[in-house]
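Student: Fold the stuff below for me.
(one chain, ligands or ions: 1)
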Amino acid sequence: MKDHRDSYFKKIIPYFFKGKEFGFAVAHTLFSIFKIDVGSNLLLKIIKVNSPKRILDLGCGTGRHTVALAKLGFEAHGIDQSPEALKIAQKQLKSKDLKGFLKEGDIYDTLPYADNYFDSVFAIQMVYHSTLWRINNLINEIHRVLKKEGSFFFSSAISVKYSMSINNGTCYIPIEPGTYFPLDGRERHMPHHYFTKEEIYRLLKGRFRIVDMYNDKENYYVTSCLKSK
Ligand SMILES: C[S@@+](CC[C@H](N)C(=O)[O-])C[C@H]1O[C@@H](n2cnc3c(N)ncnc32)[C@H](O)[C@@H]1O
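Tutor: Here you go, the predicted model:
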């Protein structure tokens with residue numbers, strides 16, 4: 001179990017900068033500050049949609065967004081199932097003299113937070129790592145922990161082919177319509193559901209009102225919505 005949870009962050013890739021060699025965990029390399037991507041765009045949007053104070057970064061990984069949010073002055077909370085990733089996130093916060101609230105846990109279980117606790121929930125490249133049934137439960141949980149009119153921002157993968165190519169996967173087994181279980185590659189044993197636009201609307205219906213949705217260049221739908229009741 002532990003191996004599977006941490007496999008995502010184990011591979012270290014050498015990185016050369018100004019003649020010096022650094023070792024970056026793979027997730028760092030792909031999702032680092034060196035790449036302006038979907039997450040950074042969302043960070044900008046979140047400020048515009050409302051003025052959140054307490055934000056949850058679901059599946060925070062190595063803290064790419066948790067750290068950025070703490071830096072912007074938000075009360076930043078992060079949860080992830082990988083202790084390895086959380087250690088890196090904690091180190092990042094400490095090195096920048098920032099405060100963040102990190103927890104280890106499975107986000108598809110009951111979220112370990114009180115009702116109406118967050119102003120905003122943030123889930124980048126994360127929500128779709130399960131079957132539709134469990135993702136639907138997660139949306140209920142996000143709805144529960146969000147305050148009235150709270151905002152929810154997430155990105156969801158669109159293409160199994162793209163996932164396979166960036167994760168060196170060759171064998172993704174379909175386990176239900178739109179959901180695959182990778183048998184190899186960097187995201188081995190981490191299920192993925194590839195959402196269509198219509199499915200996202202169905203998933204959120206009655207619980208969230210979509211403010212904006214776009215297809216970014218990296219093959220993700222990026223959705224911003226508000227808790228509707
Ligand atoms: C693609 S990474 C994205 C990390 C981060 N959101 C970012 O954008 O840099 C997916 C993250 O989801 C975490 N994850 C996957 N399944 C999870 C689960 N069931 N519970 C908690 N975290 C999970 C992984 O450990 C990993 O950190």
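Student: Pro182 reaches Met190, doesn't it?
Tutor: Yes - with contact defined as Cβ atoms under 8 Å, Pro182 reaches Met190; the gap is 6.5 Å. C-beta coordinates here come from the backbone N, C-alpha and C atoms, glycine included.
Student: From the chain's centre, how far out is stretch 211-224? Work that out for me.
Tutor: Offset of stretch 211-224 from its chain centre (Cα atoms, centre = their mean, to the nearest Å): 14 Å.
Student: next one: stretch 122-136
Tutor: The answer for stretch 122-136 is 9 Å, by Cα atoms, centre = their mean.
Student: Distance check, Pro83 against Val127.
Tutor: 21 Å (Cβ to Cβ, to the nearest Å).
Student: More neighbours: which of those two?
Tutor: More crowded of Pro83 and Val127, by other Cβ atoms under 10 Å: Val127, with 26 against 12.
Student: my guess is the more buried one is in a strand, correct?
Tutor: No - according to DSSP: H, G, I helix; E, B strand; the rest coil, Val127 belongs to no strand; its state is coil.
Student: Would you mind pointing out the helix or strand the residue nearest to it when sequence neighbours are not counted falls in?
Tutor: Excluding the flanking residues, the one nearest Val127 by Cβ to Cβ, 6 or more residues apart in numbering is Phe154, at 4.9 Å. Using DSSP states H and E, Phe154 sits in strand 146-157.
Student: Next up, phi/psi of the residue lying closest to Leu146 once chain neighbours are set aside, please.
Tutor: Spatial nearest neighbour of Leu146, excluding adjacent residues (Cβ to Cβ, 6+ apart): Lys227 at 4.8 Å. Here is the backbone geometry of Lys227 (degrees, to the nearest 10): phi -60, psi 130.
Student: Return the residues in contact with Lys227.
Tutor: By Cβ atoms under 8 Å, 6 or more residues apart in numbering, the contact list for Lys227 reads His143, Leu146, Lys147, Lys148, Glu149, Gly150, Ser151, Phe152, Arg207, Phe208.
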